[in-house]
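[1] sequence and predicted structure, then a few things I'm wondering about:
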Amino acid sequence: GAVVSQHPSWVICKSGTSVKIECRSLDFQATTMFWYRQFPKQSLMLMATSNEGSKATYEQGVEKDKFLINHASLTLSTLTVTSAHPEDSSFYICSASPVSEGNSPLHFGNGTRLTVT
Amino acid sequence: AQSVSQHNHHVILSEAASLELGCNYSYGGTVNLFWYVQYPGQHLQLLLKYFSGDPLVKGIKGFEAEFIKSKFSFNLRKPSVQWSDTAEYFCALRPSGGYQKVTFGTGTKLQVIP
């Protein structure tokens, strides 16, 4: 089945530094990938839609200058949390579905636990 | 705008009890509906999906869900739960046609007591 790999699985950084999270589709191509954020005991909140070769589409309330998204190829999207602060600590999850399968369900990465100290 | 509501936040059942988790959605057009499960410490996994056709869909591990268009509902059911079903369950919606974003409900935490 379709596999989405996310790296790193966890990261601890100091306040003010930037952190890059990678999302790869291992056995399929994805023109679109999605980045979610999950707060403790809450559902997934869509942050942005990452589009290969073009700018990401951000959801209302998400700072695009803080959460930089790059979708450089059909198998890789990156989320960079710039100048991270403790309130950015969260669980970030990416997802994608094969471009060849139209309305196929999303496949999720294992997520990245970010802790900002 | 689309939205998904899961009214049961926390459900506790004994093993062998029957399960029904509610999911209602709001969207004016045709939708694809999903149920995902997240076991403790693991990532989201697809349980089942509805795109079109038979409104009663069967998924993995004995789960099924029924799409009732008139009620905007897609409730998840299982006739007899097991301790291993302890997890969090998310209902999700995506407008059909094209490559559109998925909206999740707030999730229902199911605890099955042996």
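    Sure, I can see it. Given the structure is predicted, the values throughout are model-derived calculations rather than measurements.

[2] residues from chain B in reach of chain A?
    For chain B, the residues in contact with chain A (C-beta under 8 Å from any C-beta of the partner chain) are B:32, B:34, B:36, B:42-46, B:49, B:51, B:90, B:94, B:96-97, B:99, B:101-107. For every residue, glycine as well, the C-beta is placed using N, CA and C.

[3] which among the residues you listed count as buried?
    For these, a neighbour count by 16 or more other C-beta atoms under 10 Å in any protein chain shown gives the buried set as B:32, B:34, B:36, B:43-44, B:46, B:49, B:51, B:90, B:94, B:96, B:101-107.

[4] who's in contact with residue B:104?
    If a contact means C-beta atoms under 8 Å, 6 or more residues apart in numbering or on different chains, then residue B:104 has A:43-44, B:4, B:36, B:90-92 as its contacts.

[5] who does it bridge with?
    Beta-bridge partners recorded for residue B:104 (DSSP bridges): residue B:92.

[6] name the residues of stretch A:77-88 that come out as buried.
    A:77-79, A:81, A:84, A:88.

[7] pLDDT at residue 106, what is it?
    You didn't pick a chain, so chain A it is. Note for residue A:106: predicted pLDDT of 78.

[8] nope, chain B please
    91.

[9] that one: what secondary structure?
    coil (DSSP: H, G, I helix; E, B strand; the rest coil).

[10] any idea how far residue B:44 is from it?
    14 Å (C-beta to C-beta, to the nearest Å).
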